[in-house]
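Novice: structure for this input, please:
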Amino acid sequence: MNSVSDLQWLLWAIPLSVAILVGLGWWLRGFEQRQWRLAASNTPQAHFRGLNHLLNEQHDEAIDSFIEAVQHDPETSELHFALGNLFRRRGDYDRAVRVHEHLLRRGDLKLLERQRAQHELARDFLKAGLLDRAEEALHALEGSAHEEEARLALLSIYERARDWEKAISVAQKLDGGPHGSFSSRMAHYHCELAALDAKHERLAAASDHIHAALHLDPQHTRAHIDLAKLQYHQGLVREAIQTLQRAAQRQPASLPLMSHLLASWGGSHPDHAPLALEILSQQPRNLPSTDVTMSRLKLAPEQAAALLEEHLSHEPSLAIAAQCLQGVREALPAHVLDTINRAASPLQRYRCAACGFEAHTYFWQCPGCQAWDSFPNRRVEEL
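Specialist: Numbers count the residues shown, from 1 in each chain. Modelled structure (predicted):
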């Protein structure tokens, strides 16, 4: 009899339990909706107006709405971040700084939000051009979630200030991290320091920096060229030319960048002209270079016709064509050769592959976008 009663009770308990669970689910759903409506009603309308203005690219109106929203809820950090970023985008850096400094003074701010506010403050100073204050703010991010970004920004500051020692220190920390190798860039920094030392006749210190650059990047073209210049300055002409020879063997594409040095040194020291000419002759015939061809002409003018014909047979060039016409300039109207030279001049520039900046001089760092090694070794006409 007891077993029958237990079974009846079980049959009643199962649907009752299901009904309770379903009812609890509906109640929780209704509670969640009430909470959402309550949160929405507590959100200032100014917040939504600000978002609407922001979506419509109405930055001034968005700023006014966010200011109103912050006044209603001064503890909301996200509104402060949005307001600070809007100030910075509009160029109102003083107000952006005040917003982010206000966030940093709050004692209830969580660690990640405090680091974020510090990072935004550093960006304010950078945009405003206050590099000393930006540097201080960026140093405060060491060990934070924004550490890598801060180091990159510091590196940019030190490059702009040409503070190469500090740039090396920061690049060493970045090297091998998420942004890859900084060996080549550090080699450039050492070359910059070597140039300063050489300018002030500190030749031993200049040599140390150049060898430090080569230790960081044995294939570094600039370091080899700078080493050769230093050797030539010390009267070691043959050693200087041999240094360029080794560089050309390691990096054949770099020969155009050192061709004018070989032509100059070989021309000033006839005993070394054959070696310089031999190095210049290593340029592949199917990939002629205007710089290399012109340098060979200076060292071997008797071969002018053959050299010019060889160049033009592999690659059309206005500059080389103008050089060919020099021999018959008396038979040409004066304006013809002048026209060709003027047409060839823009084509003899170097062009930055990153930003398109053009210059007649080769730069290791682009003056336009500050990128390193962004200029191809060949001129615009040859690209």
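
Novice: C-alpha only now, for contacts and for neighbours.
Specialist: Will do.

Novice: contacts for stretch 105-125 next, please.
Specialist: For stretch 105-125, the external contacting residues (Cα atoms under 8 Å, 6 or more residues apart in numbering) are 81, 85, 88, 93, 96-97, 100-101, 103-104, 131, 133-135, 137-138, 140-141, 144-146, 150.

Novice: return the set of buried residues in it.
Specialist: Within stretch 105-125, the residues that count as buried by 16 or more other Cα atoms under 10 Å are 114, 115, 116, 117, 118, 119, 120, 121, 122, 123, 124, 125.

Novice: and what of stretch 185-198?
Specialist: Under 16+ other Cα under 10 Å, the buried positions of stretch 185-198 are 185-195, 197-198.

Novice: any stretches of the stretch 251-383 of the chain with poor pLDDT?
Specialist: 327-332 (pLDDT under 70).

Novice: can you give me the helices for it?
Specialist: 255-268, 273-280, 290-299, 304-314, 318-325, 334-344 (DSSP state H, counting those that start in this stretch).

Novice: got those helices as TSV, with mean neighbour count and distance to residue 235 columns?
Specialist: TSV is the format used below for the helices of the stretch 251-383 of the chain (neighbours: other Cα atoms under 10 Å; distance: least, Cα to Cα, whole Å):
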stretch	mean neighbour count	distance to residue 235
helix 255-268	20	11
helix 273-280	20	16
helix 290-299	21	20
helix 304-314	15	30
helix 318-325	18	33
helix 334-344	14	37
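
Novice: want to throw the buried residues of stretch 185-198 into JSON lines with pLDDT, secondary structure and distance to residue 225?
Specialist: Conversion of the buried residues of stretch 185-198 to JSON lines gives the following (pLDDT from 0 to 100; DSSP: H, G, I helix; E, B strand; the rest coil; distance: Cα to Cα, whole Å):
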{"residue": "185", "pLDDT": "96", "secondary structure": "helix", "distance to residue 225": "16"}
{"residue": "186", "pLDDT": "97", "secondary structure": "helix", "distance to residue 225": "16"}
{"residue": "187", "pLDDT": "97", "secondary structure": "helix", "distance to residue 225": "13"}
{"residue": "188", "pLDDT": "97", "secondary structure": "helix", "distance to residue 225": "12"}
{"residue": "189", "pLDDT": "98", "secondary structure": "helix", "distance to residue 225": "15"}
{"residue": "190", "pLDDT": "98", "secondary structure": "helix", "distance to residue 225": "13"}
{"residue": "191", "pLDDT": "97", "secondary structure": "helix", "distance to residue 225": "10"}
{"residue": "192", "pLDDT": "97", "secondary structure": "helix", "distance to residue 225": "13"}
{"residue": "193", "pLDDT": "98", "secondary structure": "helix", "distance to residue 225": "15"}
{"residue": "194", "pLDDT": "97", "secondary structure": "helix", "distance to residue 225": "12"}
{"residue": "195", "pLDDT": "96", "secondary structure": "helix", "distance to residue 225": "12"}
{"residue": "197", "pLDDT": "96", "secondary structure": "helix", "distance to residue 225": "16"}
{"residue": "198", "pLDDT": "95", "secondary structure": "helix", "distance to residue 225": "14"}
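
Novice: which among those gets closest to residue 249?
Specialist: Of all the buried residues of stretch 185-198, residue 249 sits closest to residue 187, with 19.7 Å by Cα to Cα.

Novice: contacts for stretch 217-234?
Specialist: So stretch 217-234 is in contact with 183-184, 187-188, 191, 198, 203, 207, 210-211, 213-214, 237, 239-241, 243-244, 247, 250-251, 254, 258, 364, going by Cα under 8 Å, 6+ apart.

Novice: what subset of the contacts of stretch 105-125 is buried?
Specialist: Among those, those buried by neighbour count (16+ other Cα under 10 Å) are 81, 85, 88, 93, 96-97, 100-101, 103-104, 131, 134-135, 137-138, 140-141, 146, 150.

Novice: next, count neighbours for the nearest residue in space to residue 369 that is not next to it in sequence.
Specialist: Of all residues not flanking residue 369 in the chain, residue 355 sits nearest, at 6.3 Å (Cα to Cα, 6 or more residues apart in numbering). Residues near residue 355, counting by other Cα atoms under 10 Å, number 14.

Novice: from residue 85, how far out is residue 355?
Specialist: 27 Å (Cα to Cα, to the nearest Å).

Novice: check residue 108 too.
Specialist: In terms of Cα to Cα, residue 108 sits 21 Å off from residue 85.

Novice: where does the stretch 51-200 of the chain dip in pLDDT?
Specialist: Those would be 51-76, if you go by pLDDT under 70 across the stretch 51-200 of the chain.

Novice: straight-line length of stretch 293-311, end to end?
Specialist: 7 Å.

Novice: check the secondary structure at residue 165 for me.
Specialist: Here residue 165 takes the helix state, with states given by DSSP: H, G, I helix; E, B strand; the rest coil.
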